[in-house]
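Enquirer: 3D, please:
(one chain, ligands or ions: 1)
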Amino acid sequence: MSTLANAFQTNITNLIPYIVAGYPTREVTIEFIHLLASEGVAAIELGVPFSDPVADGPIIQLAAEKALEKGVSLADVFSIAQSVRDQGNDVPLVLFSYYNPLLSYGLKQVAEEAAKSGFTGFIVPDLPYEESDALRIELEKVGISLVPLVAPTSEERVAKITSTAKGFVYCVSSLGTTGVRSEFASNLDSFLQQVRATSTVPIAVGFGVSTSTQVQDLQKKADGVIVGSALVKRIMDLEQELSNEDKKQEALNSIRGFVKELLS
Ligand SMILES: O=P(O)(O)OC[C@@H](O)[C@@H](O)c1c[nH]c2ccccc12
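Expert: Model prediction:
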């Protein structure tokens, strides 16, 4: 199985897409993962839908709401990953969740079930580094990396966070919530250089990325480029077609076209 540590060496591209698990359906999510893996992505962030996604912009919030309306749970996210592994796909999967659902499930149990179903990384955006030991210990017991997030404002903490990071470091390109942007933090270049200088693992940058120009520019400064909202928006625009057997393949081809365009 591909592990997170070597995802940036073995992959064909350095793109890391984010999708909301179970949106528009559990079955289509599995098809998305196979599609993205076939385009050579470095890893896939699989988002656990949550009712209070404070760091998310409107697109991801709406997708999460729609998934929750269909009752998508953490257990479903594990079963999606398990299906992908059972179908022979070893693309690195990163479980993306707010802390509350993990706490409710039980940190030890969540770590064990995530490992069993094939996750190699976790990202928990509302868990401050200083409070992450309990989860990190459980995850490291089962070989899963807790990927830390650093923002352009976390100056003095960067070295402490990046020097002990596992998997990769998630560099947030700008402050605020997720969502397509035309520009990033003014100090982004120096921030990425600072993280690169202190990190012992690859670094990835995300927040607001939606065009191939942005991907091309950012992939010179980071090992991975994360795209979420722009991809989730295209999925949302095709929600009806994706739920119609006669139109689903055409919709999937359109999403594949968007990924190819990002990488062009
Ligand atoms: O959606 P964007 O702007 O492309 O940003 C990536 C983002 O979707 C994904 O990494 C993510 C989804 N929810 C988050 C909450 C906090 C930080 C990051 C995220």
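
Enquirer: how near is the nearest residue to Thr153 once chain neighbours are set aside to Lys233?
Expert: Excluding its sequence neighbours, the residue lying closest to Thr153 (Cβ to Cβ, 6 or more residues apart in numbering) is Leu175, at 6.7 Å. Glycine gets a C-beta too; all of them are placed from N, C-alpha and C. Distance of Leu175 to Lys233, given as Cβ to Cβ, to the nearest Å: 21 Å.

Enquirer: Which one's more surrounded, those two?
Expert: More crowded of Leu175 and Lys233, by other Cβ atoms under 10 Å: Lys233, with 19 against 11.

Enquirer: Which secondary structure element is home to the more buried one?
Expert: Using DSSP states H and E, Lys233 falls within helix 229-237.

Enquirer: what packs against that helix?
Expert: Secondary-structure packing of helix 229-237 (3 or more Cβ pairs under 8 Å, 6 or more residues apart in numbering; DSSP states H and E): strand 15-20, helix 58-69, helix 245-262.

Enquirer: Which helix or strand lies directly C-terminal to it?
Expert: helix 239-242.

Enquirer: If you count neighbours, what's buried in that following helix?
Expert: Neighbour counts over helix 239-242 (16 or more other Cβ atoms under 10 Å) mark Glu239, Glu241, Leu242 as buried.

Enquirer: Switch those over to JSON lines; also include distance to Val205 and pLDDT.
Expert: Shown next, in JSON lines, are those (distance: Cβ to Cβ, whole Å; pLDDT from 0 to 100):
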{"residue": "Glu239", "distance to Val205": "28", "pLDDT": "98"}
{"residue": "Glu241", "distance to Val205": "31", "pLDDT": "97"}
{"residue": "Leu242", "distance to Val205": "29", "pLDDT": "97"}
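
Enquirer: which of those lies closest to Lys248?
Expert: Nearest to Lys248, judged by Cβ to Cβ, of those is Leu242 at 5.6 Å.

Enquirer: do you know how far that closest one is from the ligand?
Expert: For Leu242, the distance to the ligand equals 19 Å [Cβ to the nearest ligand atom, to the nearest Å].

Enquirer: isn't that residue right next to Ala251, touching?
Expert: Yes - using Cβ atoms under 8 Å, Leu242 is in contact with Ala251, at 4.8 Å.

Enquirer: Can you tell me the SS state at Val110?
Expert: Recorded secondary structure, Val110: helix (DSSP: H, G, I helix; E, B strand; the rest coil).

Enquirer: ugh, typo on my part, it should be Thr120
Expert: Relying on three-state DSSP, one would call Thr120 strand.

Enquirer: So which of the helices and strands packed on helix 229-237 is the most surrounded?
Expert: Across the helices and strands packed on helix 229-237, averaging neighbours per residue (mean count of other Cβ atoms under 10 Å) puts strand 15-20 on top, at a mean of 26.

Enquirer: Relative to that strand, what are the paired strands and their orientations?
Expert: strand 44-47 (parallel), strand 224-227 (parallel) (DSSP bridges).

Enquirer: Could you pull up the residues touching Lys166?
Expert: Shown in contact with Lys166 (Cβ atoms under 8 Å, 6 or more residues apart in numbering): Leu4, Ala5, Glu140, Ser145, Leu146, Val147, Val201.

Enquirer: if I look at Ile255, how far off is the ligand?
Expert: Remark: distance between Ile255 and the ligand (Cβ to the nearest ligand atom) = 15 Å.

Enquirer: One more: Glu130?
Expert: Here the criterion is Cβ to the nearest ligand atom. By it, Glu130 lies 18 Å from the ligand.

Enquirer: what sits against that residue?
Expert: No contacts exist for Glu130 under Cβ under 8 Å, 6+ apart.
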